[in-house]
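Participant: build me a model from this:
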Amino acid sequence: MNLRWKLDRVRAMSAAEITYRTGLEFRTWVERAGLRRMRVPVPRGRAGRPWVHPLPSGFDISRYTRAADRVLAGTFTIFALHDAELGFPPNWNTDPLTGVAAPMIYGRSIDYRDTRLVGNIKYLWEPNRHLELVALAQAWHLTREPRYLDGFRTLLESWFEQCPYPSGPNWTSSLELGLRLVNWSVAWQLLRGDESPLFESAEGDSFRQRWLASVFQHCQFIAGRLSRHSSANNHLLGELLGLYVAATTWPLWPTSEDWRRSAHRNFERSLLMQVYTDGVNREQAVWYHHEVADMLLIALLVGRANGDELSVDVARTLERMLEFIAALMDCAGNVPAWGDSDDAVMIRFDPDRKASVFRSLLATGAVLFERAEFAAKAVNFDDKSRWMLGDQAQHRFQTLVPNAHDVTPRREFACGGYFILGEQFESPEEVRIVADAGPLGYLAIAAHGHADALALTLSAGGKEMLVDSGTYAYHTDRPWRDYFRGTSAHNTVRVDGVDQSVAAGNFLWLRHARAVSERFESSRELDQFVGSHDGYRRLGDPVLHRREILYRKGVAELEVVDRLTCAGRHAVEVFWHFAPECSAVIDSGAATVTNDATRMRITWSPGLSAGLRRGESAPPLGWVSRRFDVREPTWVLVLSCAIDGDWECRTQFKVEIRGPASGGDSSPSP
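Facilitator: Presented below is the predicted three-dimensional model:
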């Protein structure tokens, strides 16, 4: 399988990328052979300023001491693992999910896709990003209790001991090094930087020198091994962010200024390449949209605090990215799960892992850009926003009072391919439909895209009704990875039992369906969207899929018209996936779907076979994943038939909202 993946990967590369990767391989060979060893210069000077000054302190301290005490007890939560007893300190080179210990050989020679060698690399890498170090630093910052300082030193010293440069699985991926640097920088500042009690004694100074030596090694590693070409997606941004933050936090070596300038320049350039002018991230994955927005926010604040402002264009890009999040989010805070999601965060400022990362970004953006509509959708000024912007920012947030015009969402994101249909936005009677006619993903491999062309989601009164199925997992049995990113897991049409696009690996698509938005119009009575895609033109008898979405206002009626243009015989399936909270029944030739007090009646064209499916495994069908590595069964309505030549299907949805949006104080004020 690894050989096949490598061959497919090479097929997706350009000549320039092959040349670049060949150079990296040669450099790896030189270092592995011991012909070139890194020399760490003596650090000189003082560290940079924290991202905000003064550092905030107005928190419920008990929340942070509980989180830090869990770390000191050796208890971690890593994706689907809750209350995992990893020990204190943990074994940093062992996958906590499978128990596989990765070899302590030259890091760049380790094939981290080989589960027999490293286990599940996502689970191994996650604690090595050192978000838990920030938890200990937060607790010390708020309490000044020595045990948190001692625990911090123990944890980090154990990492230096177990993960010497350049050996083991934690010296393989530049992205992982970059995110570790970001968390180290935050922890350093929370511990009072150069004046930290950690460094007061001779032993403390030795610890400081060791930490800074590792910082230098991280920076040198990243600078020489940046993701380029077909892999230049969010990985490249994360690498550049780590290098930029580290060079700004620790400008202590002759190369630091070069690293900072280069990382600043390339971060800005790469960001503007990866985000459309309408604010949609080109990876077509909403979670990664959030991650990139967070990277941009961190870079913006760190640069600003140290006299190195990012450009106006970059700041405007962040504002537009937040406008897209606000447009996707329904009145109860739900956001469709388009594309891949791995639940990763750059820094875990808030110990509550159930907190909405999307609302948090809007709260921060409300203050940064003085956008009252962002504040309305965020509802509250959350802890993460306070950590990012300081204690005084909450007062500025509370002064932002929206009017009715402010909260009207942007409806059209033509570059990214997303369109918002519906009515009564931001009210308990809201119906919000999101239609997708965007590209498969970013660059040649489209790593985090899903085969979801012309799919849609629908929520009513803040209740999710038609949903995207999510991601589930990256490194697991291939049928599950393929299902969740495949066409049958989305609210669209599948032809002849194959996906719209052709996958060749867990993060590699060889053939991309091209979607086109042909029309989007909105009036007082009707919203209309028309789009098409050519994913099935590759079949022996080519098929063009065109979908028209009509939403009639005042009567809450959605009609979806699917048309296939072809000459021969094909098997056709239309999928409608419902939220796990929904019940669904078929009676008298129609389906009724209920979520609490919200109901939807579905009818369809004659001649279709209709069936409800749920939680099937061979092959997978009828599942939703709302957290990484966790799946739950849900109902899916499958309409199917055999066609011979051109075909049309009409599916009607009658929505009834019988009560206000749930969520108590999480629902936005009018």
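
Participant: point out where the stretch 1-150 of the chain drops to low pLDDT.
Facilitator: For the stretch 1-150 of the chain, applying pLDDT under 70 flags the ranges 1-36.

Participant: that one: helices as residue ranges?
Facilitator: For the stretch 1-150 of the chain, the helices identified by DSSP state H, counting those that start in this stretch occupy 2-11, 15-32, 61-72, 115-118, 121-125, 131-143, 146-162, in order along the chain.

Participant: same question for the stretch 451-600 of the chain.
Facilitator: Defined through DSSP H, counting those that start in this stretch, the helices belonging to the stretch 451-600 of the chain, from first to last, are 478-485.

Participant: residue contacts, the nearest residue to Tyr165 once chain neighbours are set aside?
Facilitator: Once flanking residues are discounted, Tyr165 sits nearest to Gln217: 4.5 Å by C-beta to C-beta, 6 or more residues apart in numbering. C-beta here means a position set from N, CA and C on the backbone, and glycine is covered the same way. Listed by C-beta atoms under 8 Å, 6 or more residues apart in numbering, the contact set of Gln217 reads 38, 40, 165-166.

Participant: for Gln217, give its distance to Arg210.
Facilitator: Distance check for Gln217 against Arg210: by C-beta to C-beta, to the nearest Å, it reads 11 Å.

Participant: and if you look at Phe79?
Facilitator: Distance check for Phe79 against Arg210: by C-beta to C-beta, it reads 30 Å.

Participant: who's more crowded, the two?
Facilitator: Residue environment comparison for Phe79 versus Arg210 gives the larger neighbour count to Phe79, 20 against 14, counting by other C-beta atoms under 10 Å.

Participant: quick check: phi and psi at that one.
Facilitator: Here is the backbone geometry of Phe79 (degrees, to the nearest 10): phi 50, psi -120.

Participant: bridged to Val434, which residues?
Facilitator: For Val434, the residues forming beta bridges with it (DSSP bridges) are Ile420, Thr457.

Participant: is it true that it touches Ile420?
Facilitator: Yes: counting by C-beta atoms under 8 Å, Val434 sits close enough to Ile420 to count as a contact (6.0 Å).

Participant: which of the contacts of Gln217 are buried? Put it as a PyMOL command.
Facilitator: In PyMOL syntax, the buried subset of the contacts of Gln217 is picked out as below (16 or more other C-beta atoms under 10 Å):
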select buried, resi 165+166
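
Participant: so Ile384: helix, strand or coil?
Facilitator: Wrong residue type there; residue 384 is Lys, not Ile. The three-state assignment at Lys384 reads helix, by DSSP: H, G, I helix; E, B strand; the rest coil.

Participant: and it, how far from Leu421?
Facilitator: As for Lys384, its distance to Leu421 is 31 Å (criterion: C-beta to C-beta).

Participant: and what of Ile121?
Facilitator: When C-beta to C-beta is applied, the distance between Ile121 and Leu421 equals 40 Å.

Participant: Tyr551: neighbour count?
Facilitator: Applying other C-beta under 10 Å, I find that Tyr551 has 25 neighbouring residues.

Participant: residues touching it, list them.
Facilitator: Applying C-beta under 8 Å, 6+ apart to Tyr551 gives the contacts 421-423, 431, 433, 526-528, 557-559.
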